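Asks: starting from these lines, generate the structure:
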Amino acid sequence: MKHFAIIFLLASALCGCNSDFTPKPRGYFRIDLPQKAYQKFDTTFPFTFEYPVYAKIVKDSSRMGELYWFNIVYTPFNAQLHFSYKVITNNLKQYLDDSRTLVNKHIPKANAIQQREYLDPANKVYGLVFDIKGSDAASTYQFYLTDSVAKFVRGALYFNLVPNNDSLQPVIGFLKEDIEHMIATFRWKSVK
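Replies: Below is the predicted model:
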């Protein structure tokens, strides 16, 4: 009886192993995206805008940080939008060139960089939005806004992890909508 059981197990194993083994593809965790809702950023800063309620604004504490520099931190997504402000003193061309240089640093990892003009003449907000495509690009979205006379802001979205933008695409798209809303609600204030 013992020999019969061993022979049966060996026969079952040999018959069960006829098909090729196909491993399951690597999966990623499901990402639950929060409901869209916005709050107004209106402080002593020389501008105002709306940003998501699930984000927080933190002063830029880097050694290069300046008075009106901050980060919009998206804690649920381990991402942040670096935001800087500069006063224009006959150096708008330098700020525009610097912005383009910072975007072009992503060329080695980018598949494409699409740029789109933003024009809001009624509120004197003009700028460019850069959509950086590529699975290994460190920043997927950057922009600058200016009144073209005295004020200039720049923003860049970064994730605090090794980039794999294919798997992050749902979050990237979600945050791009938030940044687009921020840009659409962006207004300059007079500095006193």
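Asks: worst-scoring helix or strand of this protein, pLDDT-wise?
Replies: Of the helices and strands making up the chain, the lowest-confidence element is helix 2-16, at a mean of 70, by mean pLDDT, DSSP states H and E.
Asks: the helix or strand just after that helix pairs with which strands, parallel or anti?
Replies: Sequence-wise, the next helix or strand downstream of helix 2-16 (DSSP states H and E) is strand 38-41. According to DSSP bridges, strand 38-41 has the following sheet partners: strand 47-52 (antiparallel).
Asks: the residue most distant from the middle of the chain, which is it?
Replies: residue 1 (66.9 Å; C-alpha atoms, centre = their mean).
Asks: from residue 11, how far out is it?
Replies: 16 Å (C-beta to C-beta, to the nearest Å). Where C-beta positions appear, they are placed from N, C-alpha and C, glycine not excepted.
Asks: helix, strand or coil for the spatially most central residue of the chain?
Replies: The centroid of the chain falls nearest to residue 157 when counting by C-alpha atoms, centre = their mean (3.5 Å). What DSSP: H, G, I helix; E, B strand; the rest coil gives for residue 157 is strand.
Asks: which regions of the protein sit below the pLDDT cut-off?
Replies: By pLDDT under 70, the low-scoring segments of the chain are 12-21, 24-30, 135, 163-167, 191-192.
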